[in-house]
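**Student:** quick one: sequence and predicted model below, then my questions.
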Amino acid sequence: MKCPHGGNFSKGELRQFGNIELSPSAGVLNYGQGLFEGLKAYRKQDGNILLFRPDENALRLRMGAERMCMPAPTVEQFVEAVKNTVLANEHWIPPTGKGSLYIRPLLMGSGPVLGIAPAPEYTFLIFVTPVGNYFKEGIAPINLVIETDVHRASPGGTGGVKSIGNYAAVLQAQTAAKAKGYSDVLYLDCVHKKYLEEVSSCNVFVVKGNVIATPAITGTILPGITRKSIIDVALNQGFEVEERLVTVDELLNADEIFCTGTAVVVSPVGSITYHSKRMSYGDGRIGNVSQQLLTALTKLQMGLVEDNMDWIVELK
Ligand code: PMP
């Protein structure tokens, strides 16, 4: 789908996956004017296809587009485009419990621009690919390292939207962490360097007794759709949930830590290394709270329990 600056997106079309042509002076290539989304389609046991809260992805893309001076498809256009793309790729969706179809919508300034300015034309496209687990550990606990010198986002920046540049900012620290055997990096705020922010691709939760704390959405953290959903699932299950500033010191006394995201779903954290000190959680196994929330969410996403929240969109 294409759209001029200040215009509206026209109806899209389905195309075979392949390379796209862009001007060397496209806004996205020169000034990073790009946003993406990520969501999944699951196969229900009766063969139907389920999407999880696609309207939330549409709304987040629209919020990001405002920050990045881009036009965006309407919620209806976005959801329709996702549905059509998934239906056209139905054969790639694994059976229930064997994985899912990852859906990647991309919005970019595709028109040519030389001085710093919003591009004159935009492209919205969606591609899909079947996926299993995000971390090689599967749902076995992951090992994080806290990075104090590199930050993925700063106040007033674009950390709160799914801007492509945010991911370029994490590559160096993430690559170094992986080379040392860690699964990923946990970032701290860049002002006080003591409040938890998030991981390169997921939000973080700290469990202590019946209380589950997660960093508040302050503008430097991506408002994850899984985060928002897990908060509701946890409240429904009788946990207390606190969205607030969470200090790095709280990791010392935590019972469990877990991460949430479309790709990682609910991933337990087995250890966090901070200034060479390693804090461990859960004896190599997923904790009870993380397991309880993971089970509740995945059953809902796969259509194995009734959707009382009205989160599931059935495609057939
Ligand atoms: N934080 C970051 C930086 C991410 O890239 C993601 C993945 N989209 C998340 C959090 C989790 O967001 P969601 O639950 O919407 O996938």
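**Tutor:** It's in.

**Student:** in which helix or strand would I find the closest residue to Ala41 other than its chain neighbours?
**Tutor:** Excluding the flanking residues, the one nearest Ala41 by Cβ to Cβ, 6 or more residues apart in numbering is Leu101, at 4.3 Å. (C-beta placed from N, C-alpha, C; glycine too.) Here Leu101 sits within strand 100-109, counting by DSSP states H and E.

**Student:** ok, then the element right after that strand?
**Tutor:** strand 121-131.

**Student:** can that following strand be said to contact the ligand?
**Tutor:** No: on the criterion Cβ under 6 Å from any ligand atom, strand 121-131 is out of touch with the ligand, staying 12.6 Å away.

**Student:** now that strand - C-alpha only, CSV.
**Tutor:** Once non-C-alpha atoms are left out, strand 121-131 reads as follows in CSV (Å, rounded to 0.1, in the frame of the first residue of the first chain):
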residue,chain,number,x,y,z
GLU,A,121,5.7,9.1,-0.2
TYR,A,122,5.2,6.1,2.2
THR,A,123,4.9,2.4,1.8
PHE,A,124,3.1,0.0,4.1
LEU,A,125,3.8,-3.7,3.6
ILE,A,126,3.4,-7.0,5.5
PHE,A,127,5.5,-10.1,5.3
VAL,A,128,5.1,-13.4,7.2
THR,A,129,7.2,-16.3,8.3
PRO,A,130,6.5,-19.4,10.4
VAL,A,131,8.4,-19.4,13.8
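
**Student:** so which elements touch the helix or strand just after it?
**Tutor:** Following strand 121-131 in sequence order, the next helix or strand is strand 142-147 (DSSP H and E). If you count contacts as 3 or more Cβ pairs under 8 Å, 6 or more residues apart in numbering; DSSP states H and E, strand 142-147 packs onto helix 164-179, strand 184-188, strand 265-274.

**Student:** please name the nearest non-neighbouring residue to Leu245.
**Tutor:** Tyr195 (4.9 Å).

**Student:** and whichever residue of the stretch 1-150 of the chain sits closest to the ligand, how far from Tyr167?
**Tutor:** When scored by Cβ to the nearest ligand atom, the stretch 1-150 of the chain has Gly38 as its residue closest to the ligand, at 4.9 Å. Computed with Cβ to Cβ, to the nearest Å, the distance linking Gly38 and Tyr167 is 11 Å.

**Student:** mind listing the shared neighbours of these two?
**Tutor:** Overlap of the contact sets of Gly38 and Tyr167 (by Cβ atoms under 8 Å, 6 or more residues apart in numbering) is empty.

**Student:** low-confidence stretches in the protein?
**Tutor:** 134-138 (pLDDT under 70).

**Student:** would you map out the domains in it?
**Tutor:** The chain breaks down into these domains under automatic domain parsing: 2-131, 142-301.

**Student:** which of those sits closest to Val313?
**Tutor:** Closest of these to Val313 is domain 2-131, at 4.3 Å (criterion: Cβ to Cβ).

**Student:** measure that closest one end to end?
**Tutor:** End-to-end span of domain 2-131 (Cα to Cα, to the nearest Å): 28 Å.

**Student:** with stretch 140-152 instead?
**Tutor:** End-to-end distance for stretch 140-152, by Cα to Cα: 26 Å.

**Student:** what's the spacing between it and its chain's center?
**Tutor:** Per Cα atoms, centre = their mean, to the nearest Å, the displacement of stretch 140-152 from the mean C-alpha position of its chain is 16 Å.

**Student:** next one: stretch 3-22
**Tutor:** Mean-position distance between stretch 3-22 and its chain equals 23 Å (Cα atoms, centre = their mean).
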